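Asks: Build me a structure from this.
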Amino acid sequence: MLASMADFNLLEILKGKEDWLFFIEIAFRTVVMYLAILFALTILGKRGVKQLSIFELVIIIGFGSAAGDPMFYKDVGLINAFTVFIVVILCYKFTTYLMLKSERFEKLIEGIPIQLIHEGRFSIGNFKKEPLGYDEFFAEMRQQGVSHLGQISLALIEVSGEISLYFYSDEEVKFGLPILPHLYNVKHVQIPVNGMYSCNFCGYTEKIEVCQNHKCKICTKNKWIKAVNNVRIT
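Replies: Here you go, the predicted model:
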């Protein structure tokens with residue numbers, strides 16, 4: 001027990017085995033790598049910073065990995081990191097050149113916008129292509145003033161991951177699936193009163209009379225939510 005206590009060195013745990021002067025070197029290395037990252041991102045242009053598709057994300061991660069080790073590992077030289085930066089930038093420039101020359105290659109690397117809603121109803125097949133849950137998608141739409149799917153003519157998820165919404169005019173708004181939690185959470189298998197209902201799963205909306213079990217014509221699910229047709233408040 002005494003031997004293990006003697007081996008416990010709090011100062012060494014905090015600063016490692018390097019002397020205090022090395023912390024000045026760490027500060028210098030960090031400033032150099034910080035400036036190198038800024039310079040590299042400037043070379044890549046605004047696209048590499050503002051629009052983080054999977055392609056750009058790989059570039060940013062590569063820069064971070066290359067810059068991290070030289071900041072605090074004494075045996076990793078700064079030139080090593082600069083070499084990685086140069087190679088990554090050259091690869092980026094070559095890849096963007098190929099993307100400009102070939103539309104097929106561009107789609108392969110960056111992907112294409114995916115339709116999520118068409119004429120007030122979910123494009124269910126496309127949801128399987130994206131790791132996007134209903135709750136997350138509903139939150140995105142609510143932040144843009146949407147309260148039900150009948151207000152939406154078209155919704156796309158862009159290659160950057162952002163959601164683009166195209167709205168019906170107030171005169172064209174349909175009955176649609178409500179996405180406000182206090183309405184969406186009230187689901188019916190047994191239809192209590194005649195009215196317009198939306199399928200909980202696909203958003204298909206139709207007029208349903210009182211019945212015990214009504215299946216959706218599109219997805220064959222049997223849970224329904226009372227549809228609404230109020231216009232957007234902007």
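Asks: could you pull out the strands for the chain?
Replies: Using DSSP state E, the strands assigned to the chain run over residues 114-118, 121-122, 152-157, 163-167, 195-199, 205-208, 224-226.
Asks: show me the contacts for the nearest residue to residue 219 once chain neighbours are set aside.
Replies: Spatial nearest neighbour of residue 219, excluding adjacent residues (C-beta to C-beta, 6 or more residues apart in numbering): residue 202 at 4.4 Å. Where you see a C-beta, it was placed from the backbone N, CA and C, and this is true even at glycine. Shown here is residue 202, whose contacts under the criterion C-beta atoms under 8 Å, 6 or more residues apart in numbering are 121-122, 124, 216, 218-219, 221.
Asks: Now, of those residues, which are buried?
Replies: By neighbour count, with 16 or more other C-beta atoms under 10 Å, the contacts of residue 202 hold 121-122, 216 as buried.
Asks: how much space between the residue nearest to residue 219 and residue 159?
Replies: Per C-beta to C-beta, to the nearest Å, residue 202 is found 25 Å from residue 159.
Asks: And residue 150, by the same measure?
Replies: 27 Å.
Asks: before we move on, what about residue 88?
Replies: Separation of residue 88 from residue 159 (C-beta to C-beta): 21 Å.
Asks: Same check on residue 109?
Replies: Residue 109 is 10 Å from residue 159, where distance means C-beta to C-beta.
Asks: Equivalent analysis for residue 199, please.
Replies: To residue 159, residue 199 is 29 Å away according to C-beta to C-beta.
Asks: In contact with the nearest residue to residue 137 once chain neighbours are set aside, which residues are there?
Replies: Nearest residue to residue 137, sequence neighbours excluded (C-beta to C-beta, 6+ apart): residue 116, at 6.8 Å. Neighbour list for residue 116: 122-123, 126-127, 130, 132, 137, 155-157, 163 [criterion: C-beta under 8 Å, 6+ apart].
Asks: Please tell me how far the most centrally placed residue in the chain sits from residue 132.
Replies: The residue lying closest to the centre of the chain (C-alpha atoms, centre = their mean) is residue 161, at 4.6 Å. From residue 161 over to residue 132 the distance is 9 Å, taken as C-beta to C-beta.
Asks: Also residue 157?
Replies: Counting by C-beta to C-beta, the gap from residue 157 to residue 132 is 7 Å.
Asks: Of those two, which one has the most company?
Replies: The neighbour comparison of residue 157 against residue 132 (other C-beta atoms under 10 Å) goes to residue 157, with 21 against 17.
Asks: The more buried one is in contact with residue 165, isn't it?
Replies: No: counting by C-beta atoms under 8 Å, residue 157 stays clear of residue 165, with 10.6 Å between them.
Asks: related to what we said a few turns ago, can you tell me which of the contacts of residue 202 is nearest residue 104?
Replies: residue 124 (27.0 Å; C-beta to C-beta).
Asks: Spit out the contact partners of residue 154.
Replies: Contact analysis of residue 154 by C-beta under 8 Å, 6+ apart lists 115, 117-119, 165-166.
Asks: For it, list each beta-bridge partner.
Replies: residue 118, residue 166 (DSSP bridges).
Asks: what does the model give it for pLDDT?
Replies: Residue 154 carries a pLDDT value of 95.
Asks: From residue 39, how far out is residue 127?
Replies: Distance from residue 127 to residue 39, counting by C-beta to C-beta: 41 Å.
Asks: Perfect, I'm done here.
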